[in-house]
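**Student:** Here is a sequence together with a model predicted from it:
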Amino acid sequence: MELRELIGGEVESANPDVPVVEAVTRMLAAGIGSLAIVDAGELIGIFTERDLVKAVANGADLAGSTLGDLMTAYPDSFPPDMTVAEAAVWMLASGYRHMPVAERGELIGMASIKDVLWAMTIEVR
């Protein structure tokens with residue numbers, strides 16, 4: 001199975017100027033653990049639950065911070081033709097739980113470790 005089979009619909013994204021509290025509220029309401037940070041149509045970062053935890057641990061002023069302040073800048077991305085097994089190995093090696101999926105420089109989806117695990121269990125059955 002390829003990653004393209006796991007992604008679909010609109011990618012949850014935000015501008016780097018969005019306040020962190022607003023973004024986290026949106027993530028919670030949507031039941032997601034990450035947001036793609038896009039500026040002028042270009043993926044410039046990712047904001048994840050881990051970025052939030054790191055910010056809290058470092059004493060960041062969450063009320064005064066924007067996504068641009070706390071995001072992981074210029075994240076790696078997966079191609080849509082990467083197999084789920086390859087993605088699993090890569091995510092385990094890197095420690096990432098959320099990875100943008102891009103084709104010809106265009107963000108087309110987000111793959112989470114949960115998505116990859118689900119797909120691998122489907123393949124085993």
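**Tutor:** Ah, there it is.
**Student:** Give me the nearest residue to residue 79, chain neighbours excluded.
**Tutor:** Leaving aside its chain neighbours, residue 79 sits nearest to residue 103 (6.6 Å; criterion: CB to CB, 6 or more residues apart in numbering). The C-beta positions use only the backbone N, C-alpha and C, and glycine is treated the same way.
**Student:** distance of that neighbour from residue 30?
**Tutor:** 23 Å (CB to CB, to the nearest Å).
**Student:** chain center to the lowest-mean-pLDDT helix or strand in the chain, what's the gap?
**Tutor:** Using mean pLDDT, DSSP states H and E, helix 113-124 stands out as the lowest-scoring helix or strand of the chain, at a mean of 85. Taking the mean of its C-alpha atoms, helix 113-124 sits 17 Å from the chain's own mean (CA atoms, centre = their mean, to the nearest Å).
**Student:** Flag every buried residue along that helix.
**Tutor:** Using 16 or more other CB atoms under 10 Å as the test for burial, helix 113-124 gives 113, 115-116, 119.
**Student:** And stretch 35-50, by the same measure?
**Tutor:** So stretch 35-50, judged by 16+ other CB under 10 Å, has buried residues 35-38, 43-48, 50.
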